[in-house]
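Colleague: Need coordinates for the following:
(2 chains)
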2 protein chains.
Amino acid sequence: MQVAKAGGAVAMYSAMGSLGLLGSPAGAAAVLPPPAELEMTKRGGRKIVILGAGIAGMTAAYEMAKIGYDCVILEARSRPGGRNWTIRRGDTVTEVGGAKQTARFDEGEYFNPGPARIPQHHITMDYCKELGVALEVFGNVNEAAYYYSENAGPLSGRKIPKRAAKADMRGFTSELLAKAINKNALDLPLSQNDKEKLLIYLQREGDLNADLFYKGSGRRGYKVLPGGGETPGEQEDPYNISAIIQSGFGNSFSSEYSLDQQMMMFQPVGGMDQIGRALAKKVGSVIRYQAVVQQIKQNGSGVTVSYKDAAGAVQEVEGEYCICTIPLSVLKDIPADFSKEMAAAIAKVHYAETGKIGFQFRRRFWEEDENIFSGMTTTNMDINQIWYPSSGYLGRKGIVVGYYNFGEQAVKLGDMTLAGREEYALKQGAKIHHQFYKEFETSFSIAWHKTPYNLGGWASYSSEDRKTIYPTLNKPDGRIYLAGEHMSYLTGWMAGAFESARLVVNHIHERVMTQ
Amino acid sequence: MQVAKAGGAVAMYSAMGSLGLLGSPAGAAAVLPPPAELEMTKRGGRKIVILGAGIAGMTAAYEMAKIGYDCVILEARSRPGGRNWTIRRGDTVTEVGGAKQTARFDEGEYFNPGPARIPQHHITMDYCKELGVALEVFGNVNEAAYYYSENAGPLSGRKIPKRAAKADMRGFTSELLAKAINKNALDLPLSQNDKEKLLIYLQREGDLNADLFYKGSGRRGYKVLPGGGETPGEQEDPYNISAIIQSGFGNSFSSEYSLDQQMMMFQPVGGMDQIGRALAKKVGSVIRYQAVVQQIKQNGSGVTVSYKDAAGAVQEVEGEYCICTIPLSVLKDIPADFSKEMAAAIAKVHYAETGKIGFQFRRRFWEEDENIFSGMTTTNMDINQIWYPSSGYLGRKGIVVGYYNFGEQAVKLGDMTLAGREEYALKQGAKIHHQFYKEFETSFSIAWHKTPYNLGGWASYSSEDRKTIYPTLNKPDGRIYLAGEHMSYLTGWMAGAFESARLVVNHIHERVMTQ
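Modeller: The predicted model follows:
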């Protein structure tokens, strides 16, 4: 990442360059400021109050501690990590509305209800390295998983391997373009040689025959697989071109092309919360758990935050600055003396409705019966997606994500009872995997918009918001700085929280050094 | 896999159904024959001589032992596995021609010179399950790796992220086809509604703008990545359409679409030889190592194989049947009384020239500097491919495959000295990774066509061969049955060896039961 350089006095005394926190995501480790600068910070004994022990809050404390600041973190829950969370046997959650769950998964099984995958270019990878969090591949692309649609033409109600849908769409579209080129039907900015090379590409891309027709392909799978001895394999016919277009499956291919969803992707070995736990190992001593913020006040010299402790008593903590990582969906209802502009901006941000359910099955039928090892099935039903686990391959049991949905679909399922969600998702999933009912053991579901202290999955800005309210949120309100995934262009990703926290650390240190 | 049913007496007494070895790759475990049949086999005390303790030979012994046959395996080397092989510190190999290497990799580092990846639908997965071999993902598709070409137009000599090449080719071709459709330039078998849906698909597939033009895409990467605070990211312009066509990069996309190279793919944790070792745990007691076959003879009642033992003494072993898994490239020069037709077929099969080099680097610069975690870079240079390791993520060192090439390129590098190969591959690789020389520590290279007891990578049949000589090879020659990857339509894959061995076990048991 290229970064604008700060000049003059700021550059001399500030963290902008020396902390290295604005540098490339390829290097997360902060470079310490020069010893003299470090001494200045330490002599100050400057106290920072951080609200929230999620990724952003703990990262801020971790980086500030490196340069001598004295931080305290208030965390409403009794665990670190925030949305960085892994559900295991015995974990409980009570939703807004009172529905309470306790996870009944087997020991050793787990479910990541929040973030579940890490793109290889995100700074999250660097923090995993620095914190010693072991990674394994998250199977975000698996050609053996399915597309399944209802009310979408002749292929409705059939599970179609992703490999087959891709081969057919690429085959037919390559054939059509090859024909257009051969007919000189296009006014192309290409030489004859370019056109010839483009035809070669299309032939390969679509697996077209010598006459540039698509007649099916081994890429889509076989009726009889090639094997030993005299078993050359038997190909299947492609789907009808109109049927495959009407299915709309092709509209989902590009989700795998987006920069943050391309392979390779990763996950921590043993659960996503390994990241939050590793951060908590570094900064756990400054976290006050079960500290529910009641009010935020500031004046010319500092910030005072009052909170209710575990016993219900109201306590106060003061700091020279405050880094507030509380989701705006929650912050908007906490009394605070923000400027009018800031308060209005905080209140306006929409948070995504989103939900997930983890299904424990007694048998890994997706592997044993269908040769699907990780990846996800994509549907147009309310369950939206089914995810197969990216760990425990060839093992006995496993946790499948039975739905991961957004918006209206998430509201619909979130409004059901816990048992209702389970039954609904089993019923829709069973249209794709007949084994669902037979092999099902237990479930755990999260509706993020109904989860206390989150009240939403992530900040969901319109492009208008980015122009109007987002700049306001990015400016400190007096001595209060906002941080978190919502203070980034990587909303919904842990990297947004990491990067935002690093920015705020830089800004505060810069301010301290230039006062 | 659907299998033709055998009828009559054969079906009654044979293994065809009861062994279950012809069944779906989804279930490798053999179903034992009925007890009565099993007793028949055991009473016979029938001895099978198996030549070669590679995957095919050991699988044959493993499956035959389950049903009571008495097997002996002759293996020329002092280790099991054949091409299923992992090189670790201290391992040695002497090539045809005398060049001898000893691996100097650090303890814990390893290099798979032979098979290195397993498609999720191959029977190899089932054997890993049955044998308790733990699997992890092999990163066969990584959008962060590069294409690099020389003498291929304006992009020559530049390393281009795969994600950028794909986004541009998909963008431009989607734009072209969208224009052709809008101009009604094609005589399409599509309704107006189909066309509209196809346009929606193309817009998504190519990331086209509202006017259906491709103007670049975040999918291809950014000049400045989206990040925290006021960092929306800055996109780069796409390459010129003619330049990206001339690069030929697009011709490589489809290698990732082929059924056996699609994601997900897997590798055993700790090295590919975990499979061979696991099989050897089951059948090791019947393997005679350093037993180099000298002659194969048969008569109406059995097969006699003479071999040189470790001490150089000639020994003989007899069996009622022989399963020969020796590569045909080696078998053709072993004296044997095969029928003329069989001998001619054996002699005619071409074996692929192929080579690999493992480079140990002192630092995982591909991860640390370039955010590439596994996957492969594709070039048109003699090194052909560079593979980044699919294990040890975020660790200190790692083994990169510095070349994996075939045919003329493999012959060219194989003909060099060991030091010459290393230097040549470093020099070509350094065009892509400037870190190559600085971080290099040690290498180990294999030229399979120069490796004793292999003399080639895998059987390489023409479609003519499949019609003429392949049927001959598939028939038993008297009491001798051929097995191995070369006896399959999965040549070059371990699955070919597994499936072929299972077939031969079936055939022999069927023959025994119907005699």
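Colleague: Around the residue of the stretch 351-500 of chain A found nearest chain B, count how many other residues there are.
Modeller: Proximity of the stretch 351-500 of chain A to chain B (Cβ to the nearest Cβ) peaks at A:Glu499, 3.2 Å away. In short, each C-beta sits where N, CA and C put it, glycine included. Other residues near A:Glu499 come to 33 when the count uses other Cβ atoms under 10 Å in any protein chain shown.
Colleague: One more: A:Gln290?
Modeller: 16.
Colleague: That one touches A:Asp309, doesn't it?
Modeller: Yes - counting by Cβ atoms under 8 Å, A:Asp309 is a contact partner of A:Gln290 at 6.5 Å.
Colleague: about what we covered before: wasn't the residue of the stretch 351-500 of chain A closest to chain B part of a helix?
Modeller: Yes - with DSSP: H, G, I helix; E, B strand; the rest coil as the criterion, A:Glu499 is located in a helix.
Colleague: ok, now which ones touch it?
Modeller: A:25, A:123, A:488, A:490, B:227-229, B:231 (Cβ atoms under 8 Å, 6 or more residues apart in numbering or on different chains).
Colleague: Can you tell me which of these end up in strands?
Modeller: Assignment to strands by DSSP state E places none of the contacts of A:Glu499 there.
Colleague: Let's have those in a markdown table, adding distance to A:Gly52.
Modeller: Putting the contacts of A:Glu499 into a markdown table (distance: Cβ to Cβ, whole Å) gives the following:
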| residue | distance to A:Gly52 |
| --- | --- |
| A:Pro25 | 22 |
| A:Ile123 | 19 |
| A:Ser488 | 15 |
| A:Leu490 | 17 |
| B:Gly227 | 20 |
| B:Gly228 | 16 |
| B:Gly229 | 17 |
| B:Thr231 | 22 |
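Colleague: okay if I get the residues you listed as TSV plus neighbour count, pLDDT and distance to B:Gly319?
Modeller: Shown next, in TSV, are the contacts of A:Glu499 (neighbours: other Cβ atoms under 10 Å in any protein chain shown; pLDDT from 0 to 100; distance: Cβ to Cβ, whole Å):
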residue	neighbour count	pLDDT	distance to B:Gly319
A:Pro25	19	40	62
A:Ile123	29	97	63
A:Ser488	29	98	70
A:Leu490	26	98	66
B:Gly227	26	97	68
B:Gly228	28	97	71
B:Gly229	23	97	75
B:Thr231	19	96	72
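Colleague: If we only consider these, which is nearest to A:Lys475?
Modeller: B:Gly229 (10.1 Å; Cβ to Cβ).
Colleague: which residues in the stretch 51-200 of chain A form helices?
Modeller: Along the stretch 51-200 of chain A, counting by DSSP state H, counting those that start in this stretch, helices occupy A:55-66, A:123-131, A:162-182, A:192-206.
Colleague: Among those, show me which one is buried the most.
Modeller: Comparing those by mean neighbour count (mean count of other Cβ atoms under 10 Å in any protein chain shown), helix A:55-66 ranks first with a mean of 27.
Colleague: In terms of secondary structure, what does that one contact?
Modeller: With contacts defined as 3 or more Cβ pairs under 8 Å, 6 or more residues apart in numbering or on different chains; DSSP states H and E, the secondary structure elements packing on helix A:55-66 are strand A:47-51, strand A:70-74, helix A:273-283, strand A:321-324, helix A:494-514.
Colleague: out of those, deepest packed?
Modeller: Sorting those by mean neighbours (by mean count of other Cβ under 10 Å), the first place falls to strand A:321-324, with a mean of 28.
Colleague: Now the element after it, going C-ward?
Modeller: Using DSSP states H and E, the next helix or strand after strand A:321-324 towards the C-terminus is helix A:328-331.
Colleague: which residues does the closest residue to chain B within the stretch 201-350 of chain A contact?
Modeller: The stretch 201-350 of chain A approaches chain B most closely through A:Gly228 (3.2 Å), counting by Cβ to the nearest Cβ. By Cβ under 8 Å, 6+ apart, the residues touching A:Gly228 are B:487-490, B:496, B:498-503.
Colleague: ok, the contacts of A:Glu499 vs A:Ile241, which is closest?
Modeller: A:Leu490 (38.5 Å).
Colleague: need the contact list for the closest residue in space to the closest one that isn't next to it in sequence.
Modeller: Closest residue to A:Leu490 apart from its sequence neighbours, by Cβ to Cβ, 6 or more residues apart in numbering or on different chains: A:Gly496 at 3.4 Å. Listed by Cβ under 8 Å, 6+ apart, the contact set of A:Gly496 reads A:484-490, B:227-228.
Colleague: Dump those to CSV, plus distance to B:Glu196.
Modeller: Listed next are the contacts of A:Gly496 as CSV, based on distance: Cβ to Cβ, whole Å:
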residue, distance to B:Glu196
A:Gly484, 41
A:Glu485, 37
A:His486, 37
A:Met487, 40
A:Ser488, 36
A:Tyr489, 32
A:Leu490, 34
B:Gly227, 37
B:Gly228, 40
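Colleague: related to what we said a few turns ago, got JSON lines for the helices and strands packed on helix A:55-66, with distance to B:Met64 too?
Modeller: Compiled in JSON lines, the helices and strands packed on helix A:55-66 are given as follows (distance: least, Cβ to Cβ, whole Å):
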{"stretch": "strand A:47-51", "distance to B:Met64": "67"}
{"stretch": "strand A:70-74", "distance to B:Met64": "65"}
{"stretch": "helix A:273-283", "distance to B:Met64": "46"}
{"stretch": "strand A:321-324", "distance to B:Met64": "69"}
{"stretch": "helix A:494-514", "distance to B:Met64": "53"}
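Colleague: Of all the helices and strands in chain A, which has the lowest average confidence?
Modeller: None of the helices or strands of chain A scores lower by mean pLDDT, DSSP states H and E than helix A:8-13, at a mean of 30.
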